[in-house]
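**Student:** the following comprises the amino acid sequence and a computationally predicted model.
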Amino acid sequence: MYRSCRASIFIILILSASLAGRADAQSVTFAQITDVHFFDAGKARPLLGARQEFLENRTALDWAVLEINRLQANGKTIDFVVFTGDIGLELVKPQDDEASAAQLAPSFQALVVKTIYFLPGNNDLENEDPAEIVRYQEFLAHLKSHLSGYDVFDLTSTTQTVHGIRLIGLNSATFKNDRGKTTDAHRAVQLIEMQRVQSQVLEGQPCAIFTHIPDLEDPYRGQTGNDVHPSWNLAPDVAQLWGKILQRKEVLGVFAGHFHDSNRAIYSQDYSWAQKKPNEITAQKTWIAPPLALKNQDKKPMPARGFFLVTLTETGTISVEPHWLARTDSTTAADKADKLIAADAEAKAGNWAKSAETYRDALNSKDGQVRAAAQEGFYKARAQMRKWYWPLLETVPPLRWATRHTTVACLLLLCLLLLVLYRYLRRRPIIEMPVKASADAPVEIFAAEIAVAANDVRRVYNYEALQWRMGFDARGLVGSSSRLIPGTAFFAGIADSLPDIQGVSLGKIAKLLHTIIHFFCWRVESGLSIAQNGDITAYASLRWGWMTSGTWVESLAGSESPDRPRPSGTPETAQLPLPFVPGPAANAADRLREVAWRVACDILGSTLLQ
Amino acid sequence: MPVSQQLKFTNNESFRLFTAGVEALQAYERQAEDQTLRRAAGTLQQCVRKYPNDVLPLFYLGVVKTLQGMGELDEALALFQKVLDKGVKELRPAAKFHLAWAHLERYRTEDFVIAERQLNEMLAENEKQTPSAEMTQLRLQAETMLAFLFVRQSLWIHRKGEKSLDSELAEAERRIAQIKTSLEKADLPEAAKADLLAEYWNVKGLVLWFRALTSPTQQIRPQLGEEAAKDFQAALQLKGNWLPAMQNLARLYMEVQKRDDLAEQMVWKTLEIQPDSQYSYYLLGKIYETKHDRVKAIEYYQRAPDNEGAQKALARLQSETTPS
């Protein structure tokens, strides 16, 4: 009984230990460093620049090693360090491999993490030739010989398993395929590599794939700044196979490098920068570590350089902690780098005057790079400000806005043109407030009477259209949409209530647009005069834009009575008293109505004359 | 729809006078006040006098003259003929229809024949036109008017004869039923549909009235008369103050229901709308003849010089009073 109880306790302890051990094995933590460009630093720059860049890159590598050591010393358990390519071996002569390895080794020899994995990058293979992988492996063998006490592996040759997670290397060093020119030539070897990776992804065993070039659009836009291109240019069957691999649930993440862009968003799975967005699975699984090298960022005030500290669990949870290299010479930003950033932002916003001013401030920087960038920016801003149209843009902020947002501005302009065309074809003249050609002429009432009379005319033809007495649609006689609308101050009220935004008066812009649209509407411009003897004279012009379609003059002598009776149902007492129109009040109103009726008939019938 | 050159106006005054005239005509149609019809006639007359080449004022003056009745019908016919002579394609079917209507208003056998011919011509031309709601309306108007002419010519004038009119009666009822079906199917504006339905009830009332007069069974005659009165009233509900329905109702009251008081009341109403309606004076003459007031009857008959029935009755009364 006692023995049996002791045995049970033993089994439970073993199971507990095993389960606890399993819980530990479910995650790995590693540091990913990439793109140190140790041997090919500043290859496109003049000698001095290249030399400086070499120092920058070497210092960055040393900084990364020290930072990793510091993390480890602070209690972080880092299982391994992975270097995802681009030592810059392409510029090392094969006979110098050993010496070069010796040159590089000291940085790694300081590393407290004893497991280091390497992968080749495109700048490690001369001409990105797949056959050069042999030479890369030879270099790695030399490096390994200098790193005794370290486990050094080429992940593209061997798959490692750490805490139950398989670490697979994918040799993507040749995947650019010279913009597709060598896709066919390299297809076979790339397919074999992809098949190898596929075979390494085992059923039910979680894995992480490490590679140099990611399957994403390259943020580097070339010399022109407009060259949008993919990083991979694989044959369809190879790309298809990669798609299948990536979809495997066992593949927890893909860790790559290769990019040298100062936009930090790129290194955080934010694809807003990409014109061609990756598919969902690629976007979700791909991680890009920032480079250590200064390459392509030497003129940037805030380069993005550093390494990743990654914790990966068997269940697929990935924690990525970027460690940014502030500056190699200082932990603070370069002198007046903030001015440079502000100036760049102003330049992007099209505020060239402000931008030039801020660049001028940055010209006094103690930092040479900042000064160089500020000088370049200043000249650019000056060039913009010397253009003939700059004073116009400077004075009218909306125009400046339009030059920055040409697509939106063109769309708005198109909408405006369509609106003007619509208003032209719709032919609904707006009655402008008539001009007082004599003192006290009741122009407001006259405008209203024109609108009422136009409605009366329309009603006549609408009724005939309903009766179909003519045998055709009588509305065609005065135009089915032809009507006169009294003007309104309603819009002006709305425009006045619009706020100013960033010093731009939206109300004024709205009023300007309204005036332009209004100018390109059919409109009735008229005037009214009432003589002492009661003679009423009115003129009216039908206009669109600057064109006049017709002008009419109508008059009614003081002694004349209106031809047309008051509309039935309008009691005499309801007549508006017009004491300023000589004659009996009711009669005066009827006479004004008669003149308005004649004017309305003139306008609406203008298209019906032989 | 673009307006053809022939329909356009000489100047803006012509357009204004025309619009004012049509507005007055519409006011008359809504309120049936004689003065508005006279104002419409005056304005359109002025327009036609000043601008004789403008077609639409000619046409509308014809419409107004037709509404003014007997004394103006010759001018209406001349005006519609002028419109047709101008050869305006859009206006031709309407002008033909109104020409037939003006002939019908003259209420003479030879005019009925002309009206029938005009309507049939119009329908034949209509067949060739592209189908449209306007054409459908004109066709239905013509068919309703033809149904009325058939009832008038084939049934009504033979109502006192001995010949059996069963087949004609069946044909009249068939035509009326067909009009009803067509009306129900037609996609027309409500106002136009109401006008056509009023015409339908009027013709239907006439057929029932004929049956009431000619039925061999004395007992059902009052009932048929009652139904005919209801049809005329239905027509008047749809088209208030419509003279033909009012005059038919007045005559029905007098001849079938023997209610001279109601009949006289209705006739005076028609004279308020059209003070010189000769048919209304003819009816008044008949009422007073029934009342044995020969003097008044002669006086009213004399006020309908172009009405065939009135003139025959006048001749009869005068011959009876003339000492031999």
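**Tutor:** Alright, I've got the coordinates. Values in this document were obtained by computation on a predicted structure and should not be read as measured data. Residues are numbered from 1 along each chain as shown, chains lettered A, B, ... in the order given.
**Student:** what helix or strand is residue B:236 on?
**Tutor:** Using DSSP states H and E, residue B:236 maps to helix B:221-238.
**Student:** with only the CA atoms kept, save that helix in CSV.
**Tutor:** Only the C-alpha atoms of helix B:221-238 are listed here, as CSV (Å, rounded to 0.1, in the frame of the first residue of the first chain):
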residue,chain,number,x,y,z
ARG,B,221,-90.2,51.5,-68.2
PRO,B,222,-90.1,53.7,-65.0
GLN,B,223,-87.2,51.6,-63.7
LEU,B,224,-85.3,51.9,-66.9
GLY,B,225,-85.9,55.7,-66.8
GLU,B,226,-84.6,55.8,-63.3
GLU,B,227,-81.4,54.0,-64.3
ALA,B,228,-80.9,56.3,-67.3
ALA,B,229,-81.3,59.3,-65.0
LYS,B,230,-78.7,57.8,-62.7
ASP,B,231,-76.3,57.5,-65.7
PHE,B,232,-76.7,61.1,-66.7
GLN,B,233,-76.1,62.1,-63.0
ALA,B,234,-73.0,60.0,-63.0
ALA,B,235,-71.8,61.9,-66.1
LEU,B,236,-72.5,65.2,-64.4
GLN,B,237,-70.6,64.1,-61.3
LEU,B,238,-67.5,63.6,-63.4
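**Student:** helices and strands around it, which ones?
**Tutor:** In terms of contacts (3 or more CB pairs under 8 Å, 6 or more residues apart in numbering or on different chains; DSSP states H and E), helix B:221-238 is packed against helix B:190-214, helix B:243-255. Yep, even glycine has a C-beta here, placed from its N, CA and C like the rest.
**Student:** out of these, flag the one nearest chain A.
**Tutor:** When the helices and strands packed on helix B:221-238 are compared by CB to the nearest CB, helix B:190-214 sits nearest chain A, at 4.6 Å.
**Student:** mind listing what's buried in that closest one?
**Tutor:** Of the residues in helix B:190-214, B:192-193, B:195-214 count as buried by neighbour count, 16 or more other CB atoms under 10 Å in any protein chain shown.
**Student:** intersect those with the contacts of chain A.
**Tutor:** The subset of these lying close to chain A, counting by CB under 8 Å from any CB of the partner chain, consists of B:192, B:195.
**Student:** got the contact list for the helix holding residue B:236?
**Tutor:** B:194-195, B:197-202, B:204-206, B:208-209, B:211-213, B:215, B:242, B:245-246, B:248-249, B:252-253, B:256-257 (CB atoms under 8 Å, 6 or more residues apart in numbering or on different chains).
**Student:** again with stretch B:292-312
**Tutor:** In contact with stretch B:292-312 (CB under 8 Å, 6+ apart) are residues B:70, B:106-109, B:278-279, B:281-282, B:284-286, B:288-289, B:313-314, B:317-318, B:320-321.
**Student:** and what of stretch A:359-372?
**Tutor:** Applying CB under 8 Å, 6+ apart, the contact partners of stretch A:359-372 are A:298-299, A:301, A:334-337, A:339-340, A:343, A:373-375, A:377-378, A:381.
**Student:** of these, closest to residue A:456?
**Tutor:** Set against residue A:456, the nearest of the contacts of stretch A:359-372 by CB to CB is residue A:381 (64.1 Å).
**Student:** still on that earlier bit, can you flag the buried ones in the contacts of stretch A:359-372?
**Tutor:** If we count by 16+ other CB under 10 Å, the contacts of stretch A:359-372 have these buried: A:298, A:301, A:334-337, A:339-340, A:343, A:373-374, A:377-378, A:381.
**Student:** among these, which are in helices?
**Tutor:** With helices taken from DSSP state H, the overlap with those comprises A:337, A:339-340, A:343, A:373-374, A:377-378, A:381.
**Student:** as JSON lines, those with distance to residue A:428 and pLDDT would be great.
**Tutor:** What follows is these, written out as JSON lines (distance: CB to CB, whole Å; pLDDT from 0 to 100):
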{"residue": "A:337", "distance to residue A:428": "60", "pLDDT": "83"}
{"residue": "A:339", "distance to residue A:428": "56", "pLDDT": "89"}
{"residue": "A:340", "distance to residue A:428": "56", "pLDDT": "87"}
{"residue": "A:343", "distance to residue A:428": "51", "pLDDT": "91"}
{"residue": "A:373", "distance to residue A:428": "58", "pLDDT": "83"}
{"residue": "A:374", "distance to residue A:428": "58", "pLDDT": "89"}
{"residue": "A:377", "distance to residue A:428": "53", "pLDDT": "90"}
{"residue": "A:378", "distance to residue A:428": "54", "pLDDT": "93"}
{"residue": "A:381", "distance to residue A:428": "49", "pLDDT": "93"}
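**Student:** could you report the neighbour count for whichever residue of the stretch 201-324 of chain B sits closest to chain A?
**Tutor:** Closest to chain A within the stretch 201-324 of chain B is residue B:239: 11.9 Å, counting by CB to the nearest CB. By the criterion of other CB atoms under 10 Å in any protein chain shown, residue B:239 has 21 neighbours.
**Student:** wait, a strand at residue A:526?
**Tutor:** Yes: secondary structure of residue A:526 (DSSP: H, G, I helix; E, B strand; the rest coil): part of a strand.
**Student:** that one against residue A:540, yeah?
**Tutor:** Yes: using CB atoms under 8 Å, residue A:526 is in contact with residue A:540, at 4.0 Å.
**Student:** joint contacts of those two?
**Tutor:** What both residue A:526 and residue A:540 touch, as defined by CB under 8 Å, 6+ apart, is the set A:450, A:599.
**Student:** fine by me, we can end here.
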